[in-house]
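got a sequence here, can you model it:
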Amino acid sequence: MKQLIARTLTSLLLAVGFLAGTANGQATSWVVKVNIPFEFNVGNKTFPAGSYSLVQPLQHFLVLRDSRGQTVASLFTQGIESNAPMAAAKLRFDSVAGQHTLTEVWQQQESYGQRLYPTKYRTNVAKRPSTEARETAEGSQP
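This is a model prediction of the structure:
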């Protein structure tokens, strides 16, 4: 009888441990909704001003969706950290030669963000002499 109870408890603990690990693995998924008031670039693509959402279905991978929920771009990222959590979700853009390029995505109440890997186009434009600026768009999480 004691062996049956021990096996049952062991099975239960393994099941709970497995489910907790699965839930933790899915916890990285998040969505940031934002209204971007200017034309911008993601990767080698240019998008008009408007409402968008960024979804992180996997760690170090972002999906950009338009206002209809259609995927318009997918990209790889690297993790970055700030000294303090962000008060609101934020997107950071580099402005070079009059073009705004999405470079970072930050979640609300998190001190960890995502930096987009630079494209060859962005690297070549950045090498040209010009005035640079940094823009920020605030967003919200559902």
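
low pLDDT regions in the chain?
Residue ranges of the chain with pLDDT under 70: 1-28, 119-142.

switch the cut-off to 50
Of all residues in the chain, those with pLDDT under 50 make up the ranges 4, 6, 8-27, 121-126, 129-132.

list the strands paired with the longest strand belonging to it, with their directions.
Among the segments of the chain that qualify as a strand by DSSP state E, the longest is strand 71-81. Here strand 71-81 has these sheet partners by DSSP bridges: strand 61-65 (antiparallel), strand 112-116 (antiparallel).

next secondary structure after it?
strand 89-96 (DSSP states H and E).

so that next one versus strand 112-116, what angle?
30 degrees (axes from the mean of the first three to the mean of the last three C-alpha atoms, to 10 degrees).

and strand 89-96, what does it pack against?
Under the contact criterion of 3 or more C-beta pairs under 8 Å, 6 or more residues apart in numbering; DSSP states H and E, the helices and strands touching strand 89-96 comprise strand 30-36, strand 99-106, helix 120-127, strand 132-140. For every residue, glycine as well, the C-beta is placed using N, CA and C.

how many neighbours does Thr36 have?
Heads up, residue 36 is Ile, not Thr. 19 (other C-beta atoms under 10 Å).

that one reaches Tyr52, doesn't it?
Yes: contact status for Ile36 versus Tyr52: in contact at 6.1 Å, counting by C-beta atoms under 8 Å.
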